[in-house]
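Enquirer: One predicted model, sequence on top.
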Amino acid sequence: MSGRTLEVLIVEDEMLLAIELEHLVEEVGCHSLGCAMSSDEAVDLAEKLHPDLALVDVHLSDGPTGVDVARKISQDCGGVALFMTANVKRLPDDFAGACGVIGKPYSEHGVKTALGYLSYCLTEGHAPGPAPVGLTLAPAYAALWGLDDVMQRTA
């Protein structure tokens, strides 16, 4: 993945929010592959486009199906999901294979900082330091990116 632009799929059923996220993705130097508003649309796009990262809301137009979408993207499509949701408590302990979560409401600055951080992690294979404020990493990804020691010190 190193040396190329991160390709991001947005899975969000609120159109204005999806458009805003698309702009933020582009502003941090990533490439938006488009937006999906339902679980079927998200899985179809992920299977066709193989995103590096998918920004996934838990509650989509067809119900609380975002957890299934994240699991499918991480297991079958070779991508990494990041939850962006007001429903943080609905996430399973294993984060459904996602790398983490940003809770809603979130700020433009927070999303851009998190995207920059994740872009580094996904490109370099390790974290540049602790996760920025507003981004909670899944334990499996914290370990993968070498943050076990940092996580234990801050816990």
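Expert: Thanks, I have it. Owing to the predicted nature of the structure, the values given are computational and were not obtained by experimental measurement.
Enquirer: residue ranges of the helices in this protein, please?
Expert: Along the chain, counting by DSSP state H, helices occupy 15-27, 39-49, 66-76, 108-124, 139-144, 148-154.
Enquirer: so which of those gets nearest L33?
Expert: Evaluated over the helices of the chain, closeness to L33 peaks at helix 39-49, with 4.8 Å, by CB to CB. Yep, even glycine has a C-beta here, placed from its N, CA and C like the rest.
Enquirer: Buried residues in the closest one, which are they?
Expert: 39, 41-43, 45-46 (16 or more other CB atoms under 10 Å).
Enquirer: Give me the packing partners of that helix, helices and strands only.
Expert: Under the contact definition 3 or more CB pairs under 8 Å, 6 or more residues apart in numbering; DSSP states H and E, helix 39-49 sits against strand 7-11, strand 31-36, strand 53-56, helix 66-76.
Enquirer: ok, residues contacting the longest one?
Expert: Taking CB atoms under 8 Å, 6 or more residues apart in numbering as the criterion, the residues outside helix 66-76 that touch it are 9, 11, 39, 42-43, 46-47, 51, 54, 56-60, 79-81, 83, 85, 90-92, 95-98.
Enquirer: angle of that helix against helix 39-49?
Expert: 20 degrees (axes from the mean of the first three to the mean of the last three CA atoms, to 10 degrees).
Enquirer: Of the helices and strands packed on helix 39-49, which stretch is the most buried?
Expert: Each of the helices and strands packed on helix 39-49 was scored by mean neighbour count; the highest is strand 53-56, a mean of 28, by mean count of other CB atoms under 10 Å.
Enquirer: List the neighbouring strands of it plus their orientation.
Expert: Using DSSP bridges, strand 53-56 pairs in its sheet with strand 7-11 (parallel), strand 80-85 (parallel).
Enquirer: closest to P130 out of the helices of the chain?
Expert: Among the helices of the chain, helix 148-154 comes nearest to P130, with 5.1 Å by CB to CB.
Enquirer: For the closest one, the averaged confidence score.
Expert: Model confidence over helix 148-154, given as mean pLDDT, is 49.
Enquirer: burial of the residue nearest to G103 when sequence neighbours are not counted, as a residue count?
Expert: The shortest distance from G103 to any non-neighbouring residue, by CB to CB, 6 or more residues apart in numbering, is to V88 (4.9 Å). By other CB atoms under 10 Å, 13 other residues sit near V88.
Enquirer: Thanks a lot, catch you later.
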